[in-house]
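J.: curious how this folds, go ahead:
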Amino acid sequence: MKTVLITGANRSIGLETVKQLSEKGLFVYLGARDLQKGEAVAAELSQNGYKNIKAIQIDVTNEESVTAARNIIEKEQGKLDILINNAGVLGDVPQDSSTTSVEDIQKTFDTNFFGVIRVTQAFLELLKKSDSPRISNITSGLGSLALHSDPTWKYYAVKAVSYVSSKTALNAFTVTLAYELKDLPFKVNAIDPGYTATDFNHHSGPGSVESAASFIIKHTVTDAEAPTGKFFSNDIEDESEESPW
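T.: Okay, the predicted model is just below:
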């Protein structure tokens, strides 16, 4: 049975991804900053018939928390097959480039960028013990510099400096990590689930969490011939589903 860790998984897209992976027969660690909240969600899922789900405390901004989670999974599983770096924050709004403080930008980067690096580096050795390790970094179309330079893009006017730049940085980390691991059986990709109606955006997005989670899984639970170092987006109306960087 393949083992998955999903950060920020006690609600919204992360939670739906937990559900769908459980239905596919994977063992899922439901990562949550607040263990009590995570355990309450896991218990409710169990009551609703979902199996092989365990809540685990992980605060991606805290080194001790990440190390503790790694030690638990190593003791219980001996390896990790899939890491989905889903935890993310929007940051305070508005986010004008000329007025947003360095401290506010750093706070967003702590979760969206440095948090992903912290978790990935901590779990890399466990992932290397898998026959088919996968790392999916959940990003946003707003991280695309190419789209942000296109005045015809429908989200062209959304220039939130903290969030946008943190996701662009995350995309860059994905590219460099994929290259470093290219001679191993890893698949490392940036995945944009699309503009989805969640608590994150006051349910303003047109997409559903079901579609978003399905898209993440489609580009995560892949075979040996699948690409690595790509940027897939649920908002791209193209057969390849690839977004420009």
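
J.: convert the top helix by length along the chain to PDB, retaining C-alpha atoms only.
T.: With secondary structure taken from DSSP state H, the chain has its longest helix at helix 161-180. Only the C-alpha atoms of helix 161-180 are listed here, as PDB (Å, rounded to 0.1, in the frame of the first residue of the first chain):
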ATOM      1  CA  VAL A 161       2.900  40.700  -4.300                       C
ATOM      2  CA  SER A 162       3.300  38.300  -1.300                       C
ATOM      3  CA  TYR A 163       1.200  35.500  -2.700                       C
ATOM      4  CA  VAL A 164       2.200  35.800  -6.300                       C
ATOM      5  CA  SER A 165       6.000  36.000  -5.700                       C
ATOM      6  CA  SER A 166       5.900  33.100  -3.200                       C
ATOM      7  CA  LYS A 167       4.200  30.900  -5.700                       C
ATOM      8  CA  THR A 168       6.700  32.000  -8.400                       C
ATOM      9  CA  ALA A 169       9.500  31.100  -6.100                       C
ATOM     10  CA  LEU A 170       7.900  27.700  -5.400                       C
ATOM     11  CA  ASN A 171       7.700  27.000  -9.100                       C
ATOM     12  CA  ALA A 172      11.500  27.800  -9.400                       C
ATOM     13  CA  PHE A 173      12.200  25.400  -6.500                       C
ATOM     14  CA  THR A 174      10.200  22.700  -8.300                       C
ATOM     15  CA  VAL A 175      12.200  23.100 -11.400                       C
ATOM     16  CA  THR A 176      15.600  22.900  -9.600                       C
ATOM     17  CA  LEU A 177      14.500  20.000  -7.500                       C
ATOM     18  CA  ALA A 178      13.200  18.000 -10.400                       C
ATOM     19  CA  TYR A 179      16.500  18.500 -12.300                       C
ATOM     20  CA  GLU A 180      18.500  17.400  -9.200                       C
END
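
J.: average pLDDT for it?
T.: Helix 161-180 shows a mean pLDDT of 98 in the predicted model.

J.: same question, stretch 38-56
T.: 98.

J.: once you drop chain neighbours, what's closest to residue 188?
T.: residue 178 (3.9 Å; C-beta to C-beta, 6 or more residues apart in numbering). All C-beta spots, glycine's among them, are computed from the backbone N, C-alpha and C.
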